[in-house]
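Q: what's the 3D shape of this:
(one chain, ligands or ions: 2)
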Amino acid sequence: MPIIQVENLIKKYNGNEAVKGVSFEVKEGESFGFLGPNGAGKTTTINILCTLLGFDSGLALVNGFDCKREAHKVRQSIGLVFQEVTLDNELTAYENLKFHCYMYNM
Ligand SMILES: Nc1ncnc2c1ncn2[C@@H]1O[C@H](COP(=O)(O)OP(=O)(O)O)[C@@H](O)[C@H]1O
Ligand SMILES: [Mg+2]
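A: Numbers count the residues shown, from 1 in each chain. Ligands and ions are numbered 1, 2, ... in the order given. Okay, here's the model as predicted:
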């Protein structure tokens, strides 16, 4: 079973296709670079796989779980490092750690 499975994924913003039927698989333990020019749909695809964004048609499975119907199980299966810093400047370092632990049920 691939750890990530994407088949003919389509996502539209106001009728415009941002992701135009992309398909790929990632095996467990594999390092996978997801590359493409600006506007290719990389961020949109990653947001779908992280269950932060819905999609119009196709299949998106992470760890065998459906990104649409089993978002909670997908979220339990993943870790995400954001491109930009997501720390809260109003909190201390300790409070930031506590907050993120809380979000992960630790
Ligand atoms: N929230 C949005 N609303 C409307 N169009 C968007 C939105 N986000 C991205 N797009 C469009 O979708 C396409 C794919 O964008 P994106 O997923 O950010 O590509 P990449 O990360 O590969 O640069 C682009 O044409 C972009 O302008
Ligand atoms: Mg991007």
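
Q: okay, CA-based contacts and neighbour counts for the rest of this
A: Will do.

Q: How about the residues of the protein by ligand 1?
A: Tyr13, Ala18, Asn38, Gly39, Ala40, Gly41, Lys42, Thr43, Thr44 (CA under 6 Å from any ligand atom).

Q: ok, now how distant is the closest residue to Ser23 other than its chain neighbours from Leu87?
A: Spatial nearest neighbour of Ser23, excluding adjacent residues (CA to CA, 6 or more residues apart in numbering): Glu7 at 4.3 Å. For Glu7, the distance to Leu87 (CA to CA, to the nearest Å) stands at 34 Å.

Q: ok, what's across the strand from the residue nearest to Ser23?
A: Per DSSP bridges, residues listed as beta-bridge partners of Glu7: Leu59.

Q: I figured it hits Phe24, correct?
A: Yes - Glu7 lies in contact with Phe24 (CA atoms under 8 Å); the separation is 6.6 Å.

Q: With neighbour numbers in mind, choose between those two.
A: Higher neighbour count among Glu7 and Phe24: Glu7, with 15 against 12, using other CA atoms under 10 Å.

Q: what residues are up against the more buried one?
A: Contact partners of Glu7, counting by CA atoms under 8 Å, 6 or more residues apart in numbering, are Gly21, Val22, Ser23, Phe24, Gly58, Leu59, Ala60.

Q: which of the residues in the helix or strand of the chain at the bottom of the mean pLDDT ranking are buried?
A: Least confident helix or strand of the chain, by mean pLDDT, DSSP states H and E, is helix 93-103 with a mean of 92. Within helix 93-103, the residues that count as buried by 16 or more other CA atoms under 10 Å are Asn96, Phe99.
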